[in-house]
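Visitor: A predicted structure for the sequence below; I have some questions about it.
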Protein chains: 2
Amino acid sequence: MSDGTPPAAPGGETLLFLTDEQLRKGIEAMFFAYRGFTADPDRILAEHGYGRAHHRAIHFIHRSHGTTVNNLLSILGVTKQSLNRVLRTLIADGLVESRVGTRDKRERHLFLTEAGAALERELSDAQRERMRLAYRTAGPEAVSGFRQVLEAMMDPDMRRHYRAAREK
Amino acid sequence: MSDGTPPAAPGGETLLFLTDEQLRKGIEAMFFAYRGFTADPDRILAEHGYGRAHHRAIHFIHRSHGTTVNNLLSILGVTKQSLNRVLRTLIADGLVESRVGTRDKRERHLFLTEAGAALERELSDAQRERMRLAYRTAGPEAVSGFRQVLEAMMDPDMRRHYRAAREK
DNA sequence: CACTTTATGTCAGCCTTGTTGACATTCCAA
DNA sequence: TTGGAATGTCAACAAGGCTGACATAAAGTG
């Protein structure tokens, strides 16, 4: 274990000296913050009889109208069986519509229905509100740093998906 | 949906104008980053036949040697039955030791054994390494912002637990 | 055209990890 | 002495991961 005293910076290069304690703080920050991050949607989902898996599907279908099942699979990183179970209920409940592809008829393109979009709004309003408050509390510079660290923490494949969304 | 053009700041107060798109980016950053955050420990845990629930228990027992079951419950936010199932296997496997309290004999104080500490080290080494790289990539100012936003995102109870750990 | 590959869906079964409810034990504290 | 707190345990259930196997339709390829 480190003793918490960073050594003096050598040479001309500015390095980050990070004690195990500082890193542990970051790890716990991720853990506790993620709980807060999911708390509001979880409550809403429970009222509707859905879980986080449904939220994830709804979110990314909303983000990319008409996305295919395969694309969703690579974003979510679950098996098709897991995703299919969730999609099946969302389609049966009339929140998601699945249309056979025009060019490639093997593909199914996924869309939120009116009801699906309404739930999406309810969920993302709550989550955005939490995010907005956190941003305001921390300030604009903190927000930039927050995004930078998170992006650096992603696996490359996920970073690709993250950046692939319509920008800004 | 917002068009991404923030309105001019009114009056003398500096506000943060956050479009829905910017907030959505933050939300997805949390989602994708958390996946990266857990990826390395998940691999290690799988090799040992454990899951994330075991990791969480091991982490917080390590952080607070001799903590009680009740304290752990309030940190983890699960039912005692869930936690107990995990603790039982960890104790049976000789990674955690449970000692009856001296003052209050109802309480059990939890400690990592040598083997438990070894697994904790393996897990946290991997997770710290990911965190260290992200920090170095993003830079010191980003790290500060990262921590500020995450702390602001926590539920108050969790923020209390977060801050309660030995500081620095 | 025959064959292979791709995209998707589905069934069955298993595991982890969460839940609720019920009940027992121990023991502190009023 | 009695109520309630702290803990453990049993049973049952659900969500949501997983693997494996199999089916179908459509696209691509030689």
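Guide: Thanks, I have the structure now.

Visitor: Please count neighbours and contacts with C-alpha atoms only from this point.
Guide: Will do.

Visitor: So which residues on chain A come close to DNA strand D?
Guide: Residues of chain A that fall close to DNA strand D, judged by Cα under 7 Å from any atom of the strand: A:49-54, A:77-83, A:86, A:102-106.

Visitor: The same query, at a cut-off of 6 Å, please.
Guide: Residues of chain A lying close to DNA strand D (Cα under 6 Å from any atom of the strand) are A:50-54, A:77-79, A:81-83, A:103-106.

Visitor: what's the burial count for the residue in chain A positioned nearest to DNA strand D?
Guide: The nearest approach of chain A to DNA strand D comes at residue A:51, 2.7 Å away (Cα to the nearest atom of the strand). Using other Cα atoms under 10 Å in any protein chain shown, residue A:51 has 16 neighbouring residues.

Visitor: same deal with residue A:85?
Guide: 12.

Visitor: does chain B sit close to stretch A:46-54?
Guide: No. Judged by Cα under 8 Å from any Cα of the partner chain, stretch A:46-54 and chain B are separated, with a smallest distance of 11.5 Å.

Visitor: Buried ones in that stretch, by neighbour count?
Guide: A:50, A:51, A:53, A:54 (16 or more other Cα atoms under 10 Å in any protein chain shown).

Visitor: roughly how far apart are the closest residue to the last one other than its chain neighbours and residue B:45?
Guide: To tie it back to what came earlier, the one meant is residue A:54. Nearest non-adjacent residue to residue A:54, counting by Cα to Cα, 6 or more residues apart in numbering or on different chains: residue A:86, 6.0 Å away. According to Cα to Cα, to the nearest Å, residue A:86 and residue B:45 sit 27 Å apart.

Visitor: can you give me the offset of whichever helix or strand residue A:53 is part of from its chain's centre?
Guide: Using DSSP states H and E, residue A:53 sits in helix A:52-63. Its chain's average C-alpha position is 9 Å from that of helix A:52-63, according to Cα atoms, centre = their mean, to the nearest Å.

Visitor: Give me the below-cutoff pLDDT ranges for chain A.
Guide: Within chain A, the stretches with pLDDT under 70 are A:1-16, A:166-168.

Visitor: Quick check, central residue of it?
Guide: residue A:56 (7.5 Å; Cα atoms, centre = their mean).

Visitor: which residue sits closest to it, ignoring its sequence neighbours?
Guide: residue A:76 (7.6 Å).

Visitor: For burial, what's the neighbour tally of the one you found?
Guide: Neighbours of residue A:76 (other Cα under 10 Å): 19.

Visitor: Could you report the separation of it from residue B:36?
Guide: Relative to residue B:36, residue A:76 is positioned 13 Å away (Cα to Cα).

Visitor: likewise residue A:155?
Guide: 5 Å.

Visitor: on contacts alone, who are the packing partners of the helix holding residue A:53?
Guide: Helices and strands touching helix A:52-63, as assessed by 3 or more Cα pairs under 8 Å, 6 or more residues apart in numbering or on different chains; DSSP states H and E, comprise helix A:20-48, helix A:69-76, helix A:80-92, strand A:108-112, helix A:114-138.

Visitor: closest one to residue A:164 among those?
Guide: helix A:69-76 (10.7 Å; Cα to Cα).

Visitor: for that closest one, which positions count as buried?
Guide: A:69, A:72, A:73, A:75, A:76.

Visitor: Closest to residue A:28 out of the residues you listed?
Guide: Using Cα to Cα, residue A:76 comes nearest to residue A:28 of these, at 23.8 Å.

Visitor: Report how many residues lie close to the nearest residue to residue A:141 once chain neighbours are set aside.
Guide: Nearest residue to residue A:141 in three dimensions, chain neighbours excluded: residue B:145, at 6.6 Å (Cα to Cα, 6+ apart). When neighbours are counted by other Cα under 10 Å, residue B:145 registers 24.
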